[in-house]
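Colleague: Mind looking at a prediction? Sequence and model below.
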Amino acid sequence: MRYLLLLALLLSLPAAVVKPLLNQQATREAILKSATQAASRVQSGGIFWLVYIGHGAPARSGKEGLLVGVDAQQTADSLQARGLSQRELLSAIESALAPDARAVLVLDACFSGKTSSGDLAPGLAPLNPVSARVSSTRTTVLTVRSSGGDGLSGSDIQALLAAKRRREAAEAEEAALK
């Protein structure tokens, strides 16, 4: 929960717009529903931020990561069925956003798909890590890695601060044009 407060502070977000899904609340359906509902409330010209700190796994294709809900089991079939693909999440968010709103997703998930013994779960392909990418003209995805069991590392926080500075610069530039 302390990371939620830190991120809200870094991004200058009012507490009323921050909606955490913790532990048993974080099912595949709840993540998707909460994200699309929140994205639909972003005003014209605004920025929707989604921060996911949780488990990840590679899709069977190895081409994208899955966000793993609390109700997924550690098998390839369950991860595919109960995991939320980045593509599906991005599509749902972009469909819900106002036409000139943007989205930034920060994904702190390992996407390794490894079992507790360190082996790749059967039926999964390894995923090449991605640090930052623009998936469309409206959405930026920043994938960060945990520094261990306690969440965000110093470099992750620096990346978030850089994203905040870019957002502020874009807002200032947009205001100057009006």
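Modeller: Thanks, I have the structure now.
Colleague: give me the number of residues near Ser85?
Modeller: The number of residues packed near Ser85 is 17, by other Cβ atoms under 10 Å. For every residue, glycine as well, the C-beta is placed using N, CA and C.
Colleague: Then Ala103?
Modeller: Ala103, neighbours per other Cβ under 10 Å, totals 24.
Colleague: how close does it get to Leu50?
Modeller: 7 Å (Cβ to Cβ, to the nearest Å).
Colleague: Also Gln24?
Modeller: Per Cβ to Cβ, Gln24 is found 20 Å from Leu50.
Colleague: Return the helix or strand in the protein with minimum mean pLDDT.
Modeller: In the chain, no helix or strand scores lower on mean pLDDT, DSSP states H and E than strand 132-134, which sits at a mean of 45.
Colleague: Need the overlap of contacts for Ala103 and Leu50.
Modeller: Here Ala103 and Leu50 have Ala39, Ile93 as joint contacts, going by Cβ atoms under 8 Å, 6 or more residues apart in numbering.
Colleague: if we can go back for a sec, out of Gln24 and Leu50, which sits in the more crowded spot?
Modeller: Taking neighbours as other Cβ under 10 Å, Gln24 and Leu50 compare with Leu50 leading, 20 against 10.
Colleague: Correct me if wrong, but Leu66 is in a strand.
Modeller: Yes: counting by DSSP: H, G, I helix; E, B strand; the rest coil, Leu66 is part of a strand.
Colleague: Report the contact partners of it.
Modeller: When contacts are counted by Cβ under 8 Å, 6+ apart, Leu66 touches Gly56, Ala57, Pro58, Ala59, Leu79, Gln80, Gly83, Leu84, Ser85, Gln86, Phe111.
Colleague: Among these, name the buried ones.
Modeller: Buried subset of these (neighbour count, 16 or more other Cβ atoms under 10 Å): Gly56, Ala57, Pro58, Ala59, Leu79, Gln80, Gly83, Leu84, Ser85, Gln86, Phe111.
Colleague: Spatially nearest residue to the fourth one (excluding sequence neighbours)?
Modeller: Setting aside the residues directly before and after it, Ala59 is nearest to Leu66 in space (Cβ to Cβ, 6 or more residues apart in numbering), at 5.6 Å.
Colleague: Can you give me the pLDDT of that neighbour?
Modeller: We have a pLDDT of 86 for Leu66.
Colleague: Next: Val42.
Modeller: Per-residue pLDDT puts Val42 at 90.
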